[in-house]
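Asks: Whatever this is, show me its structure:
(chains A and B)
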Amino acid sequence: QKEVEQDPGPLSVPEGAIVSLNCTYSNSAFQYFMWYRQYSRKGPELLMYTYSSGNKEDGRFTAQVDKSSKYISLFIRDSQPSDSATYLCAMAESQGAQKLVFGQGTRLTINP
Amino acid sequence: GAVVSQHPSWVICKSGTSVKIECRSLDFQATTMFWYRQFPKQSLMLMATSNEGSKATYEQGVEKDKFLINHASLTLSTLTVTSAHPEDSSFYICSARDGARSYNEQFFGPGTRLTVL
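Replies: You can find the predicted model right below:
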């Protein structure tokens, strides 16, 4: 079993839709959770960074963490074609942890 | 702020030659740098972690004699793929941690696409 599982998709939705992206994990020691966005042939860029359980909102993006279920989500409201990218979840055990564990990434396409 | 550059952005080489990829943190000091490879439609696979001034720590299954990593300064790390073969063709991405920040965010470079003929 992989430490972090993420549905690779692809996921295709119409413009304006609400998108839900999810990851599950097995390591209960993970406390720091991140979502990265990667455009084709580019390096990932950090979208959201959260600690422990709860919600965090930034514009059209909301990150949710449910540690009891070992489940994290990223919601995108009013999705735009420019949101089309691969979204990767990543996790770490501690603030000073050297290593991030990445999910497989979900390819998302927003259709105009 | 927190910009990481990579050079070259793409490279084509013949089988058996060596290729060097540079990773630079442009506006911060990177105490730790990471090298990943990514195959098409797959996630990032960590190859090694390097701390400035010390030897890199390689992930299981990564040949340290084939993928030479040097982190000689707080702003530069290099990955040299020695005696490259077609199976080494991949997208190589570096990331860096800002030594002035306490949390574990990694800033990624734009990647280098290596094609070995």
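
Asks: give me the number of residues near A:T109?
Replies: 14 (other CB atoms under 10 Å in any protein chain shown). The C-beta positions use only the backbone N, C-alpha and C, and glycine is treated the same way.

Asks: for the chain, what spans make up the strands?
Replies: Went with chain A since none was named. Secondary structure of chain A by DSSP state E: the strands cover A:4-6, A:11-14, A:19-25, A:32-38, A:45-51, A:54-58, A:61-66, A:71-76, A:85-92, A:101-102, A:106-111.

Asks: hmm, I had chain B in mind actually
Replies: Going by DSSP E, chain B shows strands at B:4-7, B:10-13, B:19-25, B:30-38, B:45-51, B:57-58, B:67-73, B:76-81, B:90-98, B:107-108, B:112-116.

Asks: which one of the ones you listed lies closest to A:Q64?
Replies: strand B:107-108 (23.6 Å; CB to CB).

Asks: ok, the residue of chain A found nearest chain B - contacts?
Replies: The minimum distance from chain A to chain B, using CB to the nearest CB, falls at A:G43 (3.7 Å). Going by CB atoms under 8 Å, 6 or more residues apart in numbering or on different chains, A:G43 touches B:V4, B:Q6, B:I93, B:S95, B:F108, B:G109, B:P110, B:G111.

Asks: what's the answer for A:R107, then?
Replies: A:P8, A:G9, A:P10, A:L11, A:A85, A:T86, B:K41.

Asks: beta partners of it?
Replies: As for beta bridges, A:R107 partners with A:T86 under DSSP bridges.

Asks: Could you check the pLDDT of it?
Replies: Here, the pLDDT recorded for A:R107 equals 93.

Asks: next one: B:K64
Replies: B:K64 is assigned a predicted lDDT (pLDDT) of 92.

Asks: Provide a list of residues in contact with it.
Replies: B:A48, B:A56, B:Y58.

Asks: Next: A:F30.
Replies: Contacts for A:F30 (CB under 8 Å, 6+ apart) come out as A:M91, A:A92, A:E93, A:V101.

Asks: Buried members of the residues you listed into ChimeraX, please.
Replies: In ChimeraX syntax, the buried subset of these is picked out as below (16 or more other CB atoms under 10 Å in any protein chain shown):
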select /A:91,92,93,101
